[in-house]
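Colleague: give me coordinates for this.
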Amino acid sequence: MAAACFQHCAIQAGLTDLEADSAGLHVHGRGQIAPAASQAMKAAGIQPLRLGVQQLSMKLTKTADLILCMTSRQQHELTARYFSAERKTLTLMSLANSAYNILEPRDPDTEKCAQCLERMQPAIRQLIEKLA
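Modeller: Just a heads-up that it's a prediction; the model follows:
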């Protein structure tokens, strides 16, 4: 959801040359977007990414300008696995000066996904403002 939200906010701000990918540390194959997450994004006017989630790789970490993790635990695991990513990896909420972790619902329903999306939007908007 964060990558789709970033892409949406970037386009709204006229930053059409920015790209966002969704990648995870523990993805098997190409993960599909949960239907509840897709419904929550559509209700917020955000177009879900067509490709879903991919496994994070050395290539992705090397080519990324910025890597955002949802939790500090993910950030620690990622930087332990990919040392070259350490200087460009942050938690999403650190952009809003918050230590709050974004936890995706274990049993996602549209309401819980909408709440998760609502929590991450202020940090994404702050990032877009810095990039604009």
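Colleague: this protein: helices as residue ranges?
Modeller: Along the chain, the stretches classed as helices by DSSP state H are 2-12, 35-43, 58-63, 72-81, 110-131.
Colleague: now do the same end-to-end measure for stretch 45-59.
Modeller: Using C-alpha to C-alpha, to the nearest Å, one end of stretch 45-59 lies 31 Å from the other.
Colleague: mind listing residues that contact that stretch?
Modeller: With contact meaning C-beta atoms under 8 Å, 6 or more residues apart in numbering, stretch 45-59 is reached by 1, 3-5, 7-8, 20-25, 27-33, 37-38, 41-42, 60, 78, 82, 84, 117. Quick note: C-beta positions are derived from backbone N, CA and C, even for glycine.
Colleague: what are the buried residues along it?
Modeller: For stretch 45-59, the buried set under the neighbour-count rule, 16 or more other C-beta atoms under 10 Å, comprises 46, 48, 49, 53, 56.
Colleague: in JSON lines: these, plus distance to residue 97 and pLDDT.
Modeller: Output for those, formatted as JSON lines (distance: C-beta to C-beta, whole Å; pLDDT from 0 to 100):
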{"residue": "46", "distance to residue 97": "24", "pLDDT": "94"}
{"residue": "48", "distance to residue 97": "28", "pLDDT": "85"}
{"residue": "49", "distance to residue 97": "27", "pLDDT": "81"}
{"residue": "53", "distance to residue 97": "27", "pLDDT": "76"}
{"residue": "56", "distance to residue 97": "26", "pLDDT": "90"}
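Colleague: can you pick out the most distant pair from those?
Modeller: 46 and 56 (22.3 Å; C-beta to C-beta).
Colleague: re earlier: just the buried residues of the contacts of stretch 45-59.
Modeller: With neighbours counted by 16+ other C-beta under 10 Å, these contain buried members at 1, 3-5, 7-8, 20-23, 31, 33, 37-38, 41, 78, 82, 117.
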